[in-house]
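Engineer: Kindly return the folded structure for what I paste below:
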Amino acid sequence: MDSEHMQIGEVAARTELSLRTIRHYEETGLVIPSARSQGGFRLYTEADVQRLMVIRRMKPLGFTLDQMRDLLDATDRLDSDEALGSAEREALLGRVREYEQAATEQVDKLRVQLARAEDFAETLRTRLHQAAPATS
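Structural biologist: Residues are numbered from 1 along each chain as shown. Here you go, the predicted model:
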């Protein structure tokens, strides 16, 4: 194995994803290992790790596997060396823009939920402080 490739354990540690999750993403076609060792072990590159990080960031925002696949397809095509017509390029950028807008909306919703959760925790702390026996 050369220094460009990592085994699944190292990828799991770097991405903070479980081995099972990484294998699941392979089964669903989201991330395919770039190579296999002579012993058949999955080997990943830095690009594979970055792809997994995109997926990891999309998951808590509620994106589906199909949406993840669609976004990754659009970014792969934009990043590829293939010549794209201006209409096709603009369509791909439009798809990415839609995901950016959806992510921003979801982040805003999560901020509201976090603020409510923090308020609730503060309410409980205040209640506990008020109910605590006075110490002399």
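Engineer: how about residue 27, what does it touch?
Structural biologist: Residue 27 is in contact with no residue at all, counting by Cβ atoms under 8 Å, 6 or more residues apart in numbering. (Each C-beta comes from the backbone N, C-alpha and C, glycine too.)
Engineer: Quick check: what element follows the helix or strand of the chain with the lowest mean pLDDT along the chain?
Structural biologist: When the helices and strands of the chain are compared on mean pLDDT, DSSP states H and E, strand 35-36 comes out lowest with a mean of 90. Scanning forward in sequence from strand 35-36 by DSSP states H and E, the next helix or strand is strand 42-44.
Engineer: what pairs with that next one, and is each one parallel or antiparallel?
Structural biologist: Using DSSP bridges, the strands paired with strand 42-44 are strand 6-7 (antiparallel), strand 35-36 (antiparallel).
Engineer: what mean pLDDT would you report for that strand?
Structural biologist: Mean per-residue pLDDT for strand 42-44: 94.
Engineer: residues in contact with it?
Structural biologist: 1, 5-8, 11, 26, 33-37.
Engineer: For those, pick the one with the most neighbours.
Structural biologist: residue 11 (23 neighbours; other Cβ atoms under 10 Å).
Engineer: Spit out the contact partners of that residue.
Structural biologist: So residue 11 contacts 17, 22, 44, 48-49, 52 (Cβ under 8 Å, 6+ apart).
Engineer: buried residues in the host helix or strand of it?
Structural biologist: Taking DSSP H and E as the definition, residue 11 sits inside helix 8-15. Using 16 or more other Cβ atoms under 10 Å as the burial criterion, the residues of helix 8-15 that qualify are 8, 11-12, 15.
Engineer: Let's have these in CSV, adding pLDDT and distance to residue 90.
Structural biologist: Below are the buried residues of helix 8-15 laid out as CSV (pLDDT from 0 to 100; distance: Cβ to Cβ, whole Å):
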residue, pLDDT, distance to residue 90
8, 94, 38
11, 96, 34
12, 96, 37
15, 97, 32
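Engineer: one step back: separate out the buried members of the contacts of residue 11.
Structural biologist: Buried subset of the contacts of residue 11 (neighbour count, 16+ other Cβ under 10 Å): 17, 22, 44, 48, 52.
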